[in-house]
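A.B. asks: Compute the structure for the input listed below.
(2 chains)
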Amino acid sequence: MQLTPAMQQYMKVKQEYPDTIVLFRMGDFYETFYEDAKTAARELNIVLTARGKGETRAPLAGIPFHSLDQYLGKLIKKGYKVTIVEQMENPKFAKGLVKRDVVRVITPGTVMESNILDQKSNNYILAINRQGESASCSSDTQDNPGKQNLRFGIALADISTGEFLVASVDSYDKLINEIARYEPKECILPISLEDTELLSQLRRRFTKNTRAASDNSNYSTNLGDSSNVVFNSFDDRHFWKEAAYKLLLEHFSTANLLGYGLDEQNQEHESAINAAGALLSYLKFTQRTSLKYINKIHVLNNQEYMLLDSATQRNLELARNIRDNSINSTLLEVLDKTLTSMGSRLLKSWLLKPLLKVGSIKARQDAVEIFFKQSILRDDIRDLLAKVSDIERLISRVNFGTANARDLVGIKNALIIIPEIKRLLREVKFASYMLTEIYEIPELAEIAQIIETAIKEDAPISTREGNIINQGFNPELDKLKDVSRNSKQYIAQLEEREKEKTGIRSLKIRFNNVFGYYIEVTKANLHLVPKDYVRKQTQVNSERFITEELKEHENLILGAEEKICGLEYELFTDIINKISFETKSIQKIAEKLSLLDVLCSLAKVGAENDYVKPIVDNEERIILHDSKHPVIEQIEKNFIANDCVIDKNNRLQIITGPNMSGKSSYMRQIALIVLMAQIGSFVPAKKAEIGVVDRIFTRVGAYDDLTHGQSTFMVEMNETANILNNATEKSLVILDEIGRGTSTFDGISIAWAVAEYLHEHNKAKTLFATHYHQLNKLAEHLPAIKNYNIAVLEKENDIVFLRKIVAGGTDKSYGIHVAKLAGMPETVIHRSKQIMEMLEVEDEIGDRLEEELKEKKIPELNNEKNKIETKFDKEETSNKFNREEINKIVDKIKKEKQKKLLEL
Amino acid sequence: MPKIQLLSDEIINKIAAGEVIERPANVVKELVENALDADANNIAVELREGGKSYIKVSDNGFGMDKEDALLAIQRHATSKISNADDLFSINTLGFRGEALASIAAVSNLALTTRTNSGDQSTIQNIQGTQLKTEVGKVTAVKEAACNPGTTIEVFDLFYNTPARKKYLKSIEHELAAIVDIIIRYSLANPQVSFKLIHNDNVLLSSPKTNDTLSNVANIYGRDAAKQLLAVNYVRDEIEIMGFISKPSFTKADKSMQSIFVNKRFVKNKVITDALYSGYTTMLMEHRHPIAILNITIDPKKIDVNVHPTKSEIRVSKETELYEAVFEAVKLALLTTFAAELIPQISDKDVKNPYDIKMEDARRKYALESDKQTLLESPSLDLSQISADEFVNADKIKENGVDINTGIIIEPIRVEMKLPAMSVIGQMHRTYILAEADSGLLILDQHAVEERVNFEEFLKKSNKQISQPLLKPDVLDLTLKEYLLLQENLNLFLKLGFNLEEFGNNTFVVRSVPILLGKIYTKEFLKDVINEATNATKLTDEFIEHKIATKACRASIKAGDSLTLPQMSELLKRLAGCENPFNCPHGRPTIINMTLYELEKKFKRVV
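C.D. replies: A predicted model of the protein is given here:
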């Protein structure tokens, strides 16, 4: 098959980038061919046509070049990779085949276009590198021998902001947590992992059925809506240590990575380095630019940030709510009153990475306090911040080469408020370390000056069509504009002269895109037309002519205009380079302004909602006075405040009480407040003393994960296992109704045993809500367990939920009361009460259990190293109480009851 | 023949209610005062239809237990006084034990309350009480879940007194009255956070703060707050704290003046007069300063039980109070660097954020969640106002007054000095241009001349020389004028007038101060007397000023061309004046433009 030279050119590109859709620039269109064309036509709803004839007939679908961003968005959102092939020279001057080259490969994780990006979120791409043995990758536990060396290196980048992060974790679960934390749009792994269990597990977990789901036209083209991760493979050699390390050194222009905290000698860092190098390689390969603005590596330290597992992030509804995955009714929504997109992104990352060091927490708190107290200062600063655009992303665009004149105006607008901000901060710059640092913000007055003088405020988006540069900036440019203007003036005056000369009163000089300037004469006057007029076009009622003089001036204009466009572009590029030179400073400015934005936002929310500054230290206690749920108190006007006291000697609270009474809200509220304190925010309480927790675990709700092939109970056991295996005495554990997803006996047993384990082994601070009131008996034997319940007032046939936590256990779950309130038919209610009396077996079980407990000695617990298996294996229940025994007891009691009933 | 009968309690309540409760604003006022008396620091007010259909006031104060709650809605039951002596040392805002009963008598009311006392782990102490009444009769009492504090809901005010209900004005009108009240109380109580919501729109949200200026900013807006000077004054047993606006920032009405005595909002002429007098001639005529003053006096010295709405008070020692306020205001004006009293070229007018006009009332209710003021004042370009406009706490301290405690460390008399300047030239025969260190100064030569003449007249007035009139003048006066003149005759005599009683309501004028000279007319004197009758306090100063003001106004000549030496001379005389910054009518004599601003305008700085 003999292809045309253009098609050969195309095929070469396609061979190099086979797994992408190639957009091939031809004139005013980007064309796709063959399979790509079919895909594009289907996905973008464009016409599928064909090119050429016979054997070489190629299916074709194209989009106009000015609509690129829009269609690009659609393809990226659906998970495709797109290769852009541009014409590298002006086709007018090309001899033979126009030179073309790949300028960029755009993947879901490497998007720069602002119309596709979600302003308030980062757009991460993540690379994973695995080290160490492992046959299967399902929930590895630390105990399995031979997996000691398992390590996952993670590298993350957001090319729209310039962030580059690395970390390494030692288990699959932790890997999942990090992926959940950052929500990357794309994940790359070595090709060798392509068919492994690991990849399919990851796919199952993080990818919805992309193609099918995206057919739903309710999806917007904005990437922010999807929580889909696209998994792509990359050649293994990029993940090899030597290559990766070398590339990193080269890119960051450094002799070693110790300055960033990465030691290539250290085994534990190896996988991280590999991932980082591979990621950088992928980025350079696809973006084909130096990416110099990615100029530092941030190593994520487990000592610095609290590990938040994905269950907790979801259960506490930090940035996404459980219902519809949006930001509504989340903690982030309540706290985010930032005025810049970069501030928004920073706040989100603060929320998902709570701090562990008291010093760092206090540093943030102190800064927030200043703005909390000084509302005038705060609002003045906010007024200025409102004028600041997203310079973090703008400077990336400048470096990338995709910035336009408006972007520069955006940068200028941010720079000009800096002196004013400094002036406002002068009074308080020594009041807090953070503020002193912010005060050192670079001013870049010259850059602001240049942009101000050079760039028009209302410049167009395109950079090659002129109209960008102000008058008075460049003399040569001004002269050219003069020429153009003068010539146009001349031509306008020409009309008068020609009228005079020819005597044709109705003579007009007009302009159109096809002929340029021409003289128009009506048919009636044709006889007056002088000889030197050259006829160009005949109309119905007139004729159009040109003259040499006319064309001469026209060429002057055209010539000038072309030169103007060229010169303006040159000047523009020059300015871009000057700005690019200051990239580091501008990134610093972005950093400090977004920090200021976040501090003021937290202060404002705190002031408006009567928050208090919590005392944060390393003591082993959490004391809250009159605390409220930060999200719910915004909605519910009459939200009842509650106290909470947890310390070393009262570290496990068993909370009983009816459903709907507020147990879940209470526990979540405590967790949220602790988290808020550890990001440096003030908290909704009258008083708060919080000892730093190393992790927050939550096991809440009945989240059905059917799509990922797990049943409710399985999920529950998984999450509980995770907690029991990892909680320390510095952790905070929230358990809501353990044992609900299975039968009563199993449930009580597991709940009981879990409580004991947490008390004896983990010693974590725990809030344990349950409707198994038998668990109240634990408090009698285990010293650090205390019973609480949600106060309910019983009156005749009615109950009033007081929503206050009080000490003591309850033995009533008011389930039937609640059913009645819900409107169940009276017969059902009546019958329930009857059955309940009959089934008061549970109480007897409790008594029996207690007897058992007294008989077996407690210290035995400490000697056993019991672990709860994740797969609920009936044979291997390592609970204290043998299932057979329990069954026997229950049968016995049942028989007794039945006998009684028969006697009635 | 109609027989006299004792009225039933119900009717008594209605009548009494009528005295105290005339409109939703009264209800809100009473309930807010109760909340404040209960030591609440969080008060939220929710309204529907201007309060006509629904009012809810909730607080986090002491709350009540069940028995107290039932008693509270009875008449003449209160926790705030217990014997007659208490009436003379009232520390609380409410005291008559009537408010709740009155409100209940003319509405459907729901009261939900809970105390904070007792062991918080027993059910008895954490349950609240809710009781409902219809026109004063209790219809339900039950337990309820609620936070410590009290919430009172008033439904359908006046539904049982249709006449009164008809008298209510429009929603906007009623709402405006309530907004006024909430503003007053949140100004007086910065440590309490106030929220006002109308038809689900947040109109005011003022968080609690220790910084009184922040509080003002939260309520009146930052722009207004930046034009305020701090007032801190203590003398004997009177303490005056608050803010007044710079003389260059005034309003056309008194809407932004709030005076509190012992935290109670009041209207009192003595205080207001002293306020204006404190500004002396720095205020333009018919212009009113912003003023937020909290006066603390020994409760024994005032009688609050004067007016049903308790908004008027009687003061036992008026003179003391007058002098205290007068001095406080003067001191505040003086302890600011003179330069700050010169208005900047870029100053703009400040509007009252809460001006609710009937027509556009609705439009202005919606508040974006970020803004704390009801209306934004016309956007003031912040970059125009330099930080030096804003009174700096440190500066106050330097002048011997601690802004936080209000105690004068050392009383200092600061003279208002004109900055050093050299004349550049004259413009349009009206303005004098001069160069000073800070930048460009522009003077209004007429205003300067007036000021100079005025002060000279005053200086000379001590040595009044009388000039006999050609023909004695007969003054026909009103009774008021006549009495006033009689009472203050020696003041006029001191000034050089020779006046004598001449029959009923008549005086005869034989001679006048020589300085008045040709401008004296009968009308002139009558004018002065007239103005004097409107003041409660008459001092010779006052009269002098009045005369001087009129005198120099009458002596204005048309604009002259001035030579450099003439201008310098004029400026020298101005520098010798006590208050060189305003003409006697309050208009500024001098404005300036700093170098910085010039540079900005010429884009020499970005």
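
A.B. asks: rest of the way, CA atoms for contacts and neighbours
C.D. replies: OK.

A.B. asks: Buried residues, the helix or strand hosting residue B:481. List them.
C.D. replies: Using DSSP states H and E, the element containing residue B:481 is helix B:479-487. By neighbour count with 16 or more other CA atoms under 10 Å in any protein chain shown, helix B:479-487 contains the buried residues B:481, B:482, B:484, B:485.

A.B. asks: Of all the residues in the one helix or strand residue A:420 maps to, which ones are buried?
C.D. replies: For residue A:420, the host element (DSSP H and E) is helix A:418-425. Going by neighbour count (16+ other CA under 10 Å), the buried part of helix A:418-425 is A:418, A:419, A:420, A:421, A:422, A:424, A:425.

A.B. asks: just these now: which is nearest residue B:55?
C.D. replies: Comparing those against residue B:55 with CA to CA places residue A:424 closest, at 41.2 Å.

A.B. asks: Please give me every residue in contact with that closest one.
C.D. replies: Going by CA atoms under 8 Å, 6 or more residues apart in numbering or on different chains, residue A:424 touches A:377, A:380, A:381.

A.B. asks: Got a quick PyMOL command for the buried subset of those?
C.D. replies: Only the buried entries of those go into this PyMOL selection, using 16+ other CA under 10 Å:
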select buried, chain A and resi 377+381
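
A.B. asks: Okay, now the unreliable bits of the stretch 651-800 of chain A?
C.D. replies: Across the stretch 651-800 of chain A, the ranges flagged by pLDDT under 70 are A:701-711, A:741, A:796-797.

A.B. asks: ok, and what's touching the following helix or strand past the helix holding residue A:420?
C.D. replies: Next helix or strand after helix A:418-425 toward the C-terminus (DSSP H and E): helix A:433-439. Contact partners of helix A:433-439, identified using CA under 8 Å, 6+ apart, comprise A:363, A:364, A:367, A:422, A:425, A:426, A:428, A:429, A:430, A:592, A:593, A:596.

A.B. asks: Repeat that for stretch A:47-58.
C.D. replies: Defining contact as CA under 8 Å, 6+ apart, one finds that stretch A:47-58 is touched by A:1, A:2, A:3, A:33, A:34, A:37, A:38, A:41, A:59, A:60, A:61, A:62.

A.B. asks: Could you pull up the residues touching the residue nearest to residue A:605 when sequence neighbours are not counted?
C.D. replies: Closest residue in space to residue A:605, ignoring its immediate chain neighbours: residue A:335 at 6.2 Å, by CA to CA, 6 or more residues apart in numbering or on different chains. Contacts for residue A:335 (CA under 8 Å, 6+ apart) come out as A:601, A:602, A:605.

A.B. asks: Could you turn the buried ones of these into a ChimeraX selection?
C.D. replies: Buried members of the contacts of residue A:335 can be picked out in ChimeraX with the line below, counting by 16+ other CA under 10 Å:
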select /A:601,602,605
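
A.B. asks: nearest to chain B, of the contacts of residue A:335?
C.D. replies: Chain B lies nearest to residue A:605 out of the contacts of residue A:335, by CA to the nearest CA, at 9.9 Å.

A.B. asks: for that closest one, what are its contacts?
C.D. replies: By CA under 8 Å, 6+ apart, residue A:605 lies in contact with A:334, A:335, A:337.

A.B. asks: with those residues in mind, which one is nearest to chain B?
C.D. replies: So of the contacts of residue A:605, ranked by how close each gets to chain B (CA to the nearest CA), first place is residue A:337, at 8.4 Å.

A.B. asks: dump the residue contacts of the closest one.
C.D. replies: Residue A:337 neighbours (CA under 8 Å, 6+ apart): A:601, A:602, A:604, A:605.

A.B. asks: Model confidence at residue B:311, what's the number?
C.D. replies: Looking at residue B:311, its pLDDT is 58.

A.B. asks: For the residue nearest to residue A:758 when sequence neighbours are not counted, grab the count of nearby residues.
C.D. replies: Excluding the flanking residues, the one nearest residue A:758 by CA to CA, 6+ apart is residue A:764, at 6.4 Å. Using other CA atoms under 10 Å in any protein chain shown, residue A:764 has 26 neighbouring residues.

A.B. asks: For the closest residue to chain B within chain A, list the residues it contacts.
C.D. replies: Chain A approaches chain B most closely through residue A:802 (4.4 Å), counting by CA to the nearest CA. For residue A:802, the contact set (CA under 8 Å, 6+ apart) comprises A:790, A:791, A:792, A:793, B:126, B:127, B:144, B:145, B:146.

A.B. asks: Dump those residues to JSON lines, plus neighbour count, distance to residue A:402 and secondary structure.
C.D. replies: Converted to JSON lines, the contacts of residue A:802 look like this (neighbours: other CA atoms under 10 Å in any protein chain shown; distance: CA to CA, whole Å; DSSP: H, G, I helix; E, B strand; the rest coil):
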{"residue": "A:790", "neighbour count": "24", "distance to residue A:402": "59", "secondary structure": "strand"}
{"residue": "A:791", "neighbour count": "27", "distance to residue A:402": "62", "secondary structure": "strand"}
{"residue": "A:792", "neighbour count": "22", "distance to residue A:402": "63", "secondary structure": "strand"}
{"residue": "A:793", "neighbour count": "18", "distance to residue A:402": "66", "secondary structure": "strand"}
{"residue": "B:126", "neighbour count": "26", "distance to residue A:402": "63", "secondary structure": "helix"}
{"residue": "B:127", "neighbour count": "29", "distance to residue A:402": "64", "secondary structure": "coil"}
{"residue": "B:144", "neighbour count": "19", "distance to residue A:402": "63", "secondary structure": "strand"}
{"residue": "B:145", "neighbour count": "24", "distance to residue A:402": "60", "secondary structure": "coil"}
{"residue": "B:146", "neighbour count": "24", "distance to residue A:402": "58", "secondary structure": "coil"}
